[in-house]
Structures are given as C-alpha cells and as structure tokens.
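A.B. asks: what follows is a predicted structure for the sequence shown.
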There are 2 protein chains.
Amino acid sequence: MSSAMNRRQPLSEPTLHRLPVYQRIAREMVRRNLVTTDSKTLSRHSGATPATVRRDLSGLGTLGTRGSGYELTRLISAIDDALGLNRVYDVVVVGMGNLGRALVGSSNFLIRGARLVGVYDSDPQVQGMEIAGLTVHDPAQGLVPAQIGVMCVPAAAAQEVTDMLVAANIHAIVNFSPQVVTYPVGTTVRYVDFSMELQILVYHLINGTGPFGGGVLRTLGFTPPSPRPS
Amino acid sequence: MSSAMNRRQPLSEPTLHRLPVYQRIAREMVRRNLVTTDSKTLSRHSGATPATVRRDLSGLGTLGTRGSGYELTRLISAIDDALGLNRVYDVVVVGMGNLGRALVGSSNFLIRGARLVGVYDSDPQVQGMEIAGLTVHDPAQGLVPAQIGVMCVPAAAAQEVTDMLVAANIHAIVNFSPQVVTYPVGTTVRYVDFSMELQILVYHLINGTGPFGGGVLRTLGFTPPSPRPS
DNA sequence: GGATGTGAAGTAGTTCACAGCC
DNA sequence: GGCTGTGAACTACTTCACATCC
C-alpha cells in the first residue's frame, strides 16, 4: 500500500520541517474525531500561510479534494510516506542520564518505524539497569547494529561517543550534547541544542519579533554540521 | 560596555539561527587557547559557506580585521550582544520529570543572562524537593514573575500549563511537549520536538541527502507557532 | 599577501491569483 | 459556492567576485 519511493523531486528543507508539524496537527484532529481539514485550518494551527501549506502538500502527490480539503487519515499517511516513517529503523541511545531517560521514556520520541534496540551508559552504576525494556550496557563494549545513534552524554564525552558510533557503523547521529563534534564524510550529525531555543526566544522578546511584527510567529531552528576540522 | 540596542536592521531568521552555532565554535576555540579565527574556519565547523559567515557577522557591526580574521573574544561578545544575552531574564520551568531535571541540570541550558527563578510540578511527591537550588512548587498555586516559561509536561497537561503561564503574564514560552497548544496573540511559543529530529534524520537517511548530495550536511529545524484555533 | 565586507548576480522559497474541479 | 493545485510574481537568502584595508 505504502510505497515510499515514488520518485518526486526531493522535499525542500523548509517543507521537510513543516510536514511533521502538519502531521501533529492532523493527528490531534483525528483524536478529536474530525475527518477532514483544509489548508486554511492547517495554516492557523501551523503558522504557515495557506498557500505554503498547499504548496507543501502538493509535493506529496495529489491528496486534496478541491472544494472540500484534505482527508485526515490520507494526509497523515501521505506524510508518513514522504518522510519514510513506514520503514523500520533501529535506534541506539548512548547516555542514560536524565535526558536519555526522558527521551526513551517519551512516547513521541520513538516515532512510527523507529525501534529502540540498545541503551548505553559508561557509568557502571547505571549498567545493568532495565530502561525502556532494555538492559543498559557499557558502550565501550561495543554497540548493537543500528541505523541511528542518539547521544545524550556530557559535552566532554561527545567526541569519544561519536567515534564509537562511527566505529559501530552508525552514520546518522542526533547529538544532544552542547558540543561540536567532528566526524568523517558520509556521516550525518544533527545537533539539538536547548540553549539555542532560549537564545532565539530572548532575541524575539527583545526585538518584538514574533509576538508583534506581524502577529504570527515564524521560527526556524538551525542545526550545524562539521565535516573535518583540523 | 555592552549596549545591546544599537539599532541595526533586525537579523534575518536564518542568520539568527546560525549565530549561536558560531558562538559555540568560538567558545570551543577559546577553550583550546586560540585567539582568532576566520570565516573559512568558521565555515568548516558550521557548515555555512565562508560568504554566509561573513554576511552574517557583518550584520553585527564591524568586528573583523581584514587580512587576519576575527578576534574570538570580540566575536563572542558581539554575538552575545546581538542576541541580547547580556541582559538578565528570569525563567521558570514547569514539569520536573526527567526532562525538566535534565534541562535545569544542564549547564548550557541556562545561558548567560538567563536566571532560573522557579521550578514547578503538579505531582505532590515532587513538590518540596530541592532542584537546582530551588524548591519545587505546585504551579496551580501561582507562578513567580518571569519573562520566559519552559514547559516539560506531558502532552495532556500542555494546554493547561500554557494557560497558567499566560495568566501569570509570561508570554514567551518554550514548549517541549509534543502538543500543539493555543494561546492569545502577543504570546510567543517555540516548539521543541525530539521526534521531529528523528523524522528529519530518517528522511535524509533514505534520500541520501546530507551524507551524500554535496558532502556537507545542511539542516534546518522548523518549529511552529499557532495563534488561535477554534 | 590575505581576509573582510559588500554590491551585484543567482537561487530558493513564499505568496499571489486564478483556472480547474468537486 | 468552496477549496485545491500551480504558473507567475515577488521576496529573501545565498553565493560570487572584487574593492578595500590590515
């Protein structure tokens, strides 16, 4: 039913980042027993303009109905499809401090298709504990095969853990450490940085962007790469 | 010394989101006893092109030296200045589960200028505990005055807590709950969503964007607003 | 020589506005 | 009537390329 690989032109980066938002809204609507929606409603809830919503969604193939709008279940599965959420991916999480536990415990972290296959911590006190149905192991002892690695370790350990992940053939990494790490070409690292959110919010607060400046808040979060420093 | 308010044209959104990245890199360099850097080096570590780095930084006033580059301390304080990090802001955090604790415990969450003034949880078991030097209180009993509110509560409580924050006159909110909330015009909400990072990573993984597609990974994280649903 | 800062050119993303379909 | 989907216009961002200054 769901063939993820109908070769359309790749989604633009901004579109790619709005799709999960639309999906969340659509899921919420389903929860409220709604059946359809339209670009204007999605616009109000997402902050994108109706035209942008339509442009984004039209990139997923023909899924709206002129005159009435979008069927929610169809919309949700089309976005799943576009993002590849109908495929199964194995995820390991390294670092079982508060953040690591918060992540694996959060129902929304493991999205459709993502399967938690390993949890690690270098602290012997934590090793052996059962978290999210898995036993915590020492990452230095080797990692279970996976496609995605998540790092929730202190900044000081970030580079070392990155190297471990790369050595374990895991080339897609989400880094929650406030640390720029280096990695070989062919590896992807996404940085997630809480303090950045605060910084941006403070800026908007001072400059009146966001609340004022047009009514609708529009924000983009930038996260960096870093191929091969010296 | 630091006058944040030299009225330049407001920073563009993409620039605004790269500045913290440059700053992090600069801080790391200072830690390694370096004194200056240049746009090419910042480019390598940030993933932006050298031209983009220069354009971004030139917006902060004249701070580079032709022929040699940027002095790190000057660069850091210029970014602080532009983002308003030299001003003091009061922050409250609602929700002291794993995530809330991880946040207030993380040294990088409270950036320069941000001051944690209140921590809250609706669980009586948690109330009274000392976390990050503060006693946890029941948010329903009222919140201490602050400029910024951070929500680390379950999705089901997100709307209620948003209303509390707004009632307490806190109009800048960071929402870590996977829940789209509604709020009055004049309030800013930034959504931070972990699962979104995974979704985007999965997309890049499938489509070969990022690792391939040009060598350097470039990613943008989009976070939504939502003014007034029905 | 070498790196910044910036007009000018190029590219990407957004918004308009309307034809097409329900 | 209403709402989608999309060429065309517009706006914003990025990149080039070079004059400028150390």
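C.D. replies: Thanks, I have it. Numbering: from 1, shown residues only, chains lettered A, B, ... in the order given.
A.B. asks: point out where chain A drops to low pLDDT.
C.D. replies: The model of chain A has pLDDT under 70 over residues A:1-8, A:209-230.
A.B. asks: if you count neighbours, what's buried in stretch A:85-94?
C.D. replies: A:85, A:87, A:89, A:90, A:91, A:92, A:93, A:94 (16 or more other Cβ atoms under 10 Å in any protein chain shown). Placement of C-beta: from N, CA and C, glycine included.
A.B. asks: how far away is the second one from residue A:114?
C.D. replies: This means residue A:87. Distance, residue A:87 to residue A:114, by Cβ to Cβ, to the nearest Å: 10 Å.
A.B. asks: which residues do the two both contact?
C.D. replies: Contact criterion Cβ atoms under 8 Å, 6 or more residues apart in numbering or on different chains; residues shared by residue A:87 and residue A:114: residue B:202.
A.B. asks: next, the buried residues of the helix or strand where residue A:40 lies.
C.D. replies: Following DSSP states H and E, the helix or strand that holds residue A:40 is helix A:39-46. By 16+ other Cβ under 10 Å, the buried positions in helix A:39-46 come out as A:39, A:41, A:42, A:43, A:44, A:45, A:46.
A.B. asks: verify the stated contact: the fourth one with residue A:54.
C.D. replies: Okay, so that is residue A:43. No - between residue A:43 and residue A:54 there is no contact under Cβ atoms under 8 Å: 9.2 Å.
A.B. asks: re earlier: what's the most distant pair in the buried residues of helix A:39-46?
C.D. replies: Using Cβ to Cβ, the pair of the buried residues of helix A:39-46 lying farthest apart is A:39 and A:45, separated by 11.1 Å.
A.B. asks: hmm, back to that, mind putting the buried residues of helix A:39-46 into JSON lines with distance to residue A:32?
C.D. replies: Converted to JSON lines, the buried residues of helix A:39-46 look like this (distance: Cβ to Cβ, whole Å):
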{"residue": "A:39", "distance to residue A:32": "19"}
{"residue": "A:41", "distance to residue A:32": "12"}
{"residue": "A:42", "distance to residue A:32": "14"}
{"residue": "A:43", "distance to residue A:32": "18"}
{"residue": "A:44", "distance to residue A:32": "15"}
{"residue": "A:45", "distance to residue A:32": "12"}
{"residue": "A:46", "distance to residue A:32": "16"}
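A.B. asks: helices along chain A, start to end?
C.D. replies: Assigned by DSSP state H, chain A shows helices spanning A:13-31, A:39-46, A:50-58, A:72-83, A:98-105, A:155-167, A:194-207.
A.B. asks: of all the ones you listed, which one is nearest residue B:29?
C.D. replies: With Cβ to Cβ as the measure, helix A:155-167 is the member of the helices of chain A nearest residue B:29 (14.5 Å).
A.B. asks: list the buried residues for the closest one?
C.D. replies: Going by neighbour count (16+ other Cβ under 10 Å), the buried part of helix A:155-167 is A:157, A:158, A:159, A:161, A:162, A:164, A:165, A:166.
A.B. asks: what angle do it and helix B:13-31 make?
C.D. replies: On the basis of axes from the mean of the first three to the mean of the last three Cα atoms, to 10 degrees, helix A:155-167 is oriented at 110 degrees to helix B:13-31.
A.B. asks: on that earlier part again, for the helix holding residue A:40, packing partners?
C.D. replies: Packed against helix A:39-46, as judged by 3 or more Cβ pairs under 8 Å, 6 or more residues apart in numbering or on different chains; DSSP states H and E, are the following elements: helix A:13-31, helix A:50-58, strand A:69-71.
A.B. asks: pull the distance from the first one to the chain's centre.
C.D. replies: This points to helix A:13-31. Taking the mean of its C-alpha atoms, helix A:13-31 sits 12 Å from the chain's own mean (Cα atoms, centre = their mean, to the nearest Å).
A.B. asks: now it - C-alpha only, PDB.
C.D. replies: In PDB, the C-alpha atoms belonging to helix A:13-31 read as follows (Å, rounded to 0.1, in the frame of the first residue of the first chain):
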ATOM      1  CA  GLU A  13      14.400  21.800   3.600                       C
ATOM      2  CA  PRO A  14      11.700  24.200   4.900                       C
ATOM      3  CA  THR A  15       8.900  21.900   3.600                       C
ATOM      4  CA  LEU A  16      10.600  18.900   5.300                       C
ATOM      5  CA  HIS A  17      10.500  20.700   8.600                       C
ATOM      6  CA  ARG A  18       6.900  21.700   8.300                       C
ATOM      7  CA  LEU A  19       5.500  18.300   7.400                       C
ATOM      8  CA  PRO A  20       5.900  16.900  10.900                       C
ATOM      9  CA  VAL A  21       4.000  19.900  12.200                       C
ATOM     10  CA  TYR A  22       1.100  19.300   9.800                       C
ATOM     11  CA  GLN A  23       1.100  15.700  10.800                       C
ATOM     12  CA  ARG A  24       1.000  16.500  14.500                       C
ATOM     13  CA  ILE A  25      -2.000  18.800  13.900                       C
ATOM     14  CA  ALA A  26      -3.700  16.200  11.800                       C
ATOM     15  CA  ARG A  27      -3.200  13.600  14.500                       C
ATOM     16  CA  GLU A  28      -4.700  15.900  17.100                       C
ATOM     17  CA  MET A  29      -7.700  16.500  14.900                       C
ATOM     18  CA  VAL A  30      -8.300  12.800  14.400                       C
ATOM     19  CA  ARG A  31      -8.100  12.400  18.200                       C
END
